[in-house]
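**Q** I'll drop the sequence and a predicted model, then ask my questions.
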Amino acid sequence: MIKDSKEMNGLVSSLLQSYEKYPIISSIDSSSRINREVILEILEELRWLVFPGYFEMRHLKSGALSYHVGEILENVQYNLSKQVVRALYHDTERMPRSREEAKERADAIVLEFLSRLPKVREILATDVQAGYEGDPAAFNTDEVILSYPGLYAIFTNRVAHELHLLKVPLIPRMMTEYAHSLTGIDIHPGATIGKYFFIDHGTGVVIGETTRIGDKVKLYQGVTLGALSTRGGQSLRGAKRHPTLEDSVTVYSGASILGGDTVIGTGAVIGSNAFITSSVPPHTRVSIKNPELQFKDRSRKGELGQEGFFNRREVD
């Protein structure tokens, strides 16, 4: 416990010196700080627009739908435009020369983004269908929408990816990292993902920035679509570092597929715990050889007084 004002003043002075010494982790006197809470509110409102009637607090009536949608769109447009203005100042290569330019660019970006929502809904409808058809435990498509963490991560990525394509700094990553914190599924907004995409269970899935995924791809928990190495740091920015999965690929739990030159061909199946760093031809099944299982018999002793061992074949 701090005993007196002199001790408190000393602590304040020490922290102020630290702020000056390490400005990279300070954001003081900044007018471009993005409000994370507002971004998360926008993300939730976008989910209302994409899945109407599922997540709103109030019960929707078809007769009032036009008013409801218009109200949410106006809200999103106003708040997102303000946050995009701030985000644009974090783009060191294309920083606005004036506040007016920033506002003009932000308004145009947000209008274009909102115009893409019907297309985003069209693709998400295929993802919901893929989730239902691909999981015998799914009771209906409502269950997929309301409870599947994979779908929430995919929804967030679909939205964030459009903002990423429109070159909005920071905000897309804030959205996907929020989904990551909720679901354990880490999808970079730069990843390009086709239709009918399904992540089953999902925990521990990682999809890197330059990953390209075709249509009708299914991933299970613990799958990594990553880079072979990131030791080059910022010098690798923009390079194709992550793999390509063509159409109708299935990747089972715990598999790692690494490298920008790695292409998994159409219809290939990658088995659990496989470690892939080179391309796989179409319609190929890849699996690792099962390790030998050794069972210890704790009910009887061997001739030398040791506990006996027997392999799985003997058990069978």
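**A** Thanks, I have the structure now. Owing to the predicted nature of the structure, the values given are computational and were not obtained by experimental measurement.

**Q** The longest strand anywhere in the chain pairs with which strands, and in what direction?
**A** If you go by DSSP state E, the chain has its longest strand at strand 294-301. Sheet pairing of strand 294-301 (DSSP bridges) gives strand 307-311 (antiparallel).

**Q** What mean pLDDT does the strand it pairs with get?
**A** Averaged over strand 307-311, pLDDT sits at 54.

**Q** repeat for stretch 43-59
**A** For stretch 43-59, mean pLDDT rounds to 92.

**Q** List the buried residues in it.
**A** Judged by neighbour count (16 or more other Cβ atoms under 10 Å), stretch 43-59 contains these buried residues: 43, 45-51. Just so you know, the C-beta spots here come from the backbone N, C-alpha and C atoms, and that holds for glycine as well.

**Q** Go through those and flag which are in helices.
**A** With DSSP state H as the criterion, helices contain 43, 45-50 from among the buried residues of stretch 43-59.

**Q** Near the nearest residue to P149 once chain neighbours are set aside, how many residues? Count them for me, please.
**A** Residue nearest to P149 in three dimensions, not counting chain neighbours: T183, with 3.8 Å by Cβ to Cβ, 6 or more residues apart in numbering. When neighbours are counted by other Cβ atoms under 10 Å, T183 registers 21.

**Q** pLDDT value on T183, please?
**A** The confidence metric pLDDT takes the value 98 at T183.

**Q** That one touches Y152, doesn't it?
**A** Yes - with contact defined as Cβ atoms under 8 Å, T183 reaches Y152; the gap is 5.9 Å.

**Q** for the stretch 201-316 of the chain, what are the low-confidence residue spans?
**A** 235, 300-316 (pLDDT under 70).

**Q** can you list the residues that contact the host helix or strand of V12?
**A** Element membership of V12, judged by DSSP states H and E, is helix 5-21. Helix 5-21 is touched from outside by 2, 26, 28, with contacts defined as Cβ atoms under 8 Å, 6 or more residues apart in numbering.

**Q** Next secondary structure after the helix or strand that contains E37?
**A** E37 is part of helix 36-50, with elements assigned from DSSP H and E. Per DSSP H and E, the first helix or strand lying C-terminal to helix 36-50 is helix 65-88.

**Q** which strands and helices sit next to that following helix?
**A** helix 36-50, helix 99-115, helix 171-183 (3 or more Cβ pairs under 8 Å, 6 or more residues apart in numbering; DSSP states H and E).

**Q** ok, and what's touching that helix?
**A** 31-35, 38-39, 41-42, 45-46, 48-49, 52, 60, 94-96, 99, 102-103, 105-107, 109-111, 113-114, 168-171.

**Q** Quick check on the residues you listed: which are buried?
**A** Here, 16+ other Cβ under 10 Å leaves 34, 39, 42, 45-46, 48-49, 96, 102-103, 105-106, 109-110, 113-114, 168-171 buried among the contacts of helix 65-88.

**Q** So which residue is dead centre in this protein?
**A** Closest residue to the average C-alpha location of the chain: I187 at 2.5 Å, with Cα atoms, centre = their mean.

**Q** For that residue, give me its contacts.
**A** Neighbouring residues of I187 by Cβ under 8 Å, 6+ apart: 153-154, 156-157, 176, 179-180, 193, 205, 207.

**Q** re earlier: quick one: residues contacting the residue nearest to P149.
**A** Neighbouring residues of T183 by Cβ under 8 Å, 6+ apart: 149-150, 152-153, 202-203.

**Q** ok, and the most crowded of the residues you listed?
**A** G150 leads the contacts of T183 on contacts (other Cβ under 10 Å) with 26 neighbours.

**Q** State the number of residues packed around the closest residue to it other than its chain neighbours.
**A** Nearest residue to G150, sequence neighbours excluded (Cβ to Cβ, 6+ apart): I199, at 3.4 Å. The tally of other residues near I199 (other Cβ under 10 Å) stands at 28.
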